[in-house]
Structures are given as structure tokens and as C-alpha cells.
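Student: coordinates for the following, if possible.
(one chain, ligands or ions: 2)
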Amino acid sequence: MSVLDPLYSIYEWYISRDLRLEEMPKHVAITMDGNRRYARFQRNMSTLDGHKHGRNTLEEFLGWCVDLGIEIVTVYAFSSKNFNRPSEEVEGLMELFKENFEGIAQNKNIHNNEVRVKAVGQLDLLPDDVRRAIDIAEKSTANYDKMILNIAIGYDGRLEIVDTIKKISEKVKDGKLDPASITEKMVNENLYTAGLDDPNLIIRTSGEERFSGFLLWQASYSELYFCDSYWPAFRKVDFLRALRSYQQRERRYGV
Ligand code: IPE
Ligand code: MG
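Tutor: Numbering: from 1, shown residues only. Ligands and ions are numbered 1, 2, ... in the order given. Below you'll find the predicted structure:
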């Protein structure tokens, strides 16, 4: 416990006063960025430990989402481009993903809150043991529907759109679909996130203000929020501030 904790509690209370529970975004997506910079900032911390701290933040973050009644959470855990990082880091991350997905099947918060977990991305790029762990996590939560947690892993929004085009083209090739009758809804139904509402709010930590391929199709009308904290240092007050900012904006949908 830090000496600042009581101050943060007061700050959380202060921001919460402005929030309306009935106007929470239904779907929050977040790019969890800044794990390595966080580790570097701590001086003696390894990159992998930075990622482990990031994993702990995700667990806390999910608890806040449950408390605030957010129904769908999508997190950007690993992009297709991240495979180009040093092999030691990629291997460490894959080991962490394997542990975490396996842990989901055992995790009492996931079961008590009936969270359905789904991995979205080009899963065939992942090592077999990670894919097996994903399968265990998805199967052990498949019947839940109180909250949905999408974990974007091996994900890239452009590749998702390419895959969607391939799926739709197959139907055209088989003579089952006339290209003139392709609709937006049909595209939605063939994305990795098929069937889910678009994110209302997308947050990116660490001060970077880019999409980096996250939910390119789905983000069309999302509100964007950027904050300077590195992901492992992201606190509940940062999240509450993002929600307050979201609620203060008037959403127009081009009208
Ligand atoms: C996000 O943190 C985690 C992953 C992309 C796996 P980074 O690893 O990108 O950390 P920074 O942005 O280099 O600090
Ligand atoms: Mg980064």
C-alpha cells in the first residue's frame, strides 16, 4: 500500500460522482500499451516482468469493468506485428499467454462473474500449446453470457478485413452470393468479432495516439481516449476519467 492510496480513493469517489451508471459504454476496447517502457522506467525490471505487471493490471481492470456493468471488453494483447520482436520476448510472452489462458479455466472471478472468453486474431500463427490453452479457456466459459472478454492476439485489423473478404468471396465463387448484394451487415458477420456491438469507447495507454491495426472496421464511430500512464501503471482513476470523458461527449453518429 502506498501513502497515496487514501488520496486515490478520494479521487475515485470524486470522479465517480460525475458518472452515470445507466450511460456506461456497452463495449470498451483497450490497447494495453507501455509495458516495456514501464519496465525500463523501474530500472532493474526485465521486459518480461513489465509484461507480467501488465497482466496484473488486466485482471484488476476486468474487476472494475464488472463493477461498472460494462458488458463487452476487448483488449489488444498481441498484434501480428509483435511477432517481429526479439525471439526471447516473443517466447516469454507466449509462455505468459499459455499460463494466462490456462489460468482462466481456474479463475474464480471469471466463473463467479460468468465471463465468456474469446480469442480474436489469426490464431493459426500461435504456437500449439497457446492454441490449446485458448481452447481450454473458451470451452470452460462458453456457456456464460453476463460479460464477454475478447482477447485480441495475433490480431491485425487489416488482416481481419482481408480474411473477411476471403470468406465472402468464397460464397460469391460458389454462386451463393451476388456481389451487388453484399452489405455492411454481412461484413460485420464475417469479422473475428462477428455478432458483437462495435466498441463505444477505445482507450490507448502510454501516450501513443495511433490505431496500430486495432479494430479498424469496428472503430468507425467509437470515441477515442488516450492517456499517458503506461499500462502496468494504469489505475482505476485513469479508467474513471476515460469514462467521464466519454459521458461528457455528445455522440452524433454523423447526424
Ligand atoms: C504492450 O506494451 C504489450 C504488447 C504489445 C505485447 P509494449 O510491449 O508495446 O511496451 P512499449 O510500448 O514498448 O513500452
Ligand atoms: Mg508498445
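
Student: can you give me the helices for this structure?
Tutor: In the chain, the helices defined using DSSP state H lie at 5-16, 35-41, 47-68, 87-106, 108-112, 128-141, 157-173, 184-189, 236-248.

Student: what mean pLDDT does stretch 158-176 have?
Tutor: Mean per-residue pLDDT for stretch 158-176: 98.

Student: residues in contact with it?
Tutor: For stretch 158-176, contacts defined as CB atoms under 8 Å, 6 or more residues apart in numbering pick out 80, 120-122, 177-179, 182, 186-187, 190-192, 213, 216-217. For glycine as for every other residue, the C-beta is placed from the backbone atoms N, C-alpha and C.

Student: out of the helices of the chain, which is closest to residue 23?
Tutor: helix 236-248 (5.5 Å; CB to CB).

Student: and that closest one, which residues are buried?
Tutor: Buried residues in helix 236-248, counting neighbours by 16 or more other CB atoms under 10 Å, are found at 236-244, 246-247.

Student: quick one: the helices of the chain as CSV, columns for distance to residue 254 too.
Tutor: CSV is the format used below for these (distance: least, CB to CB, whole Å):
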stretch, distance to residue 254
helix 5-16, 30
helix 35-41, 36
helix 47-68, 28
helix 87-106, 38
helix 108-112, 37
helix 128-141, 36
helix 157-173, 21
helix 184-189, 14
helix 236-248, 18
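
Student: out of the ones you listed, which gets nearest to ligand 1?
Tutor: Counting by CB to the nearest ligand atom, ligand 1 lies closest to helix 35-41 out of the helices of the chain; the figure is 3.3 Å.

Student: near ligand 1, which residues of the stretch 1-150 of the chain?
Tutor: Neighbours of ligand 1 within the stretch 1-150 of the chain, by CB under 6 Å from any ligand atom: 32-37, 78, 82, 93.

Student: between these, which is closest to residue 57?
Tutor: Out of these, the member with the shortest distance to residue 57 (by CB to CB) is residue 32, at 7.3 Å.

Student: check what pLDDT the closest one gets.
Tutor: Looking at residue 32, the pLDDT reads 98.

Student: check contacts around the closest residue to it other than its chain neighbours.
Tutor: Nearest in space to residue 32, with sequence neighbours left out and distances taken as CB to CB, 6 or more residues apart in numbering, is residue 231 at 4.2 Å. Contacts for residue 231 (CB under 8 Å, 6+ apart) come out as 32-35, 38, 54, 57, 205-206.

Student: apply 7 Å and report the result again.
Tutor: 32-35, 54, 57, 205-206 (CB atoms under 7 Å, 6 or more residues apart in numbering).
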